[in-house]
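Undergrad: sequence and computational prediction follow.
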Amino acid sequence: MSTLTRHLASGAAILALSAALGMATVGPAAADTNPTPGLSSQEQQLLKSDTPKTVEIDPATGQILSVEKGSTFRPAISNHNICNSGDGCYYSGRIPYANQGFYGSAGTFTGNWPYRSGWFTGNYTALACWTAACSQTALPPNTSATFSGALVTGTSFRIY
């Protein structure tokens with residue numbers, strides 16, 4: 001028997017003996033069964049539940065510092081300087097300024113887009129803001145809006 005085979009066999013034997021005696025193992029399996037130090041009992045219950053939650057993690061150690069009910073993750077809205085089919089779009093009203101396309105998940109994308117002549121919701125319910133104001137309401141999918149007699153500087157675009 002090679003040295004490697006003997007070490008593997010002895011390691012497997014130790015794990016089997018530990019399991020038979022009910023001893024705790026080290027590693028990811030142990031982390032699943034032990035309470036997380038520093039968390040309240042309510043936080044530990046929430047952590048183990050199926051309830052949507054957000055955990056704060058110490059980046060240096062990986063330790064969970066807190067658990068809160070609800071998700072604070074917000075999928076990202078994205079932006080590019082072209083309006084593809086289905087994108088929300090801030091239209092350019094002057095050459096050489098490009099149209100600004102918005103796509104993805106719910107969220108707000110902020111920027112500075114001068115000389116906008118209007119906007120389009122694309123496949124989304126959306127709301128646009130510019131230096132003077134914001135749309136008073138989110139507009140439904142496939143809706144075009146134009147600025148009456150003026151070009152504006154767009155400041156944000158929100159997908160709902």
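TA: Perfect, I can see it now.

Undergrad: bridging residues for residue 152?
TA: Bridge pairing for residue 152 (DSSP bridges) gives the partners residue 116.

Undergrad: so what's the residue count around it?
TA: Per other CB atoms under 10 Å, the neighbour tally for residue 152 reads 21. From N, CA and C alone the C-beta is placed, and that goes for glycine too.

Undergrad: with the one 5 residues further on instead?
TA: In terms of burial, residue 157 registers 26 neighbours under the definition other CB under 10 Å.

Undergrad: which pLDDT value belongs to the nearest residue to it once chain neighbours are set aside?
TA: Spatial nearest neighbour of residue 157, excluding adjacent residues (CB to CB, 6 or more residues apart in numbering): residue 102 at 4.7 Å. Residue 102 is assigned 98 on the pLDDT scale.

Undergrad: what's the helix or strand containing residue 102 in contact with?
TA: Secondary structure assignment for residue 102, by DSSP states H and E: strand 100-104. Applying CB atoms under 8 Å, 6 or more residues apart in numbering, the contact partners of strand 100-104 are 75-84, 86-90, 92, 109, 111, 113, 122, 124, 126, 154, 157, 159.

Undergrad: just the CA trace of that strand, in PDB.
TA: C-alpha atoms of strand 100-104 as PDB (Å, rounded to 0.1, in the frame of the first residue of the first chain):
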ATOM      1  CA  GLN A 100     -29.400  56.100 -24.300                       C
ATOM      2  CA  GLY A 101     -30.800  52.600 -23.900                       C
ATOM      3  CA  PHE A 102     -31.900  51.100 -20.500                       C
ATOM      4  CA  TYR A 103     -32.500  47.400 -19.900                       C
ATOM      5  CA  GLY A 104     -32.400  44.700 -17.200                       C
END
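
Undergrad: distance between that strand and the chain's centre?
TA: What separates the centre of strand 100-104 from the centre of its chain is 16 Å, taken as CA atoms, centre = their mean, to the nearest Å.

Undergrad: circling back: and the gap between the residue nearest to residue 157 and residue 146?
TA: Residue 102 is 17 Å from residue 146, where distance means CB to CB, to the nearest Å.

Undergrad: and residue 154, by the same measure?
TA: 13 Å.
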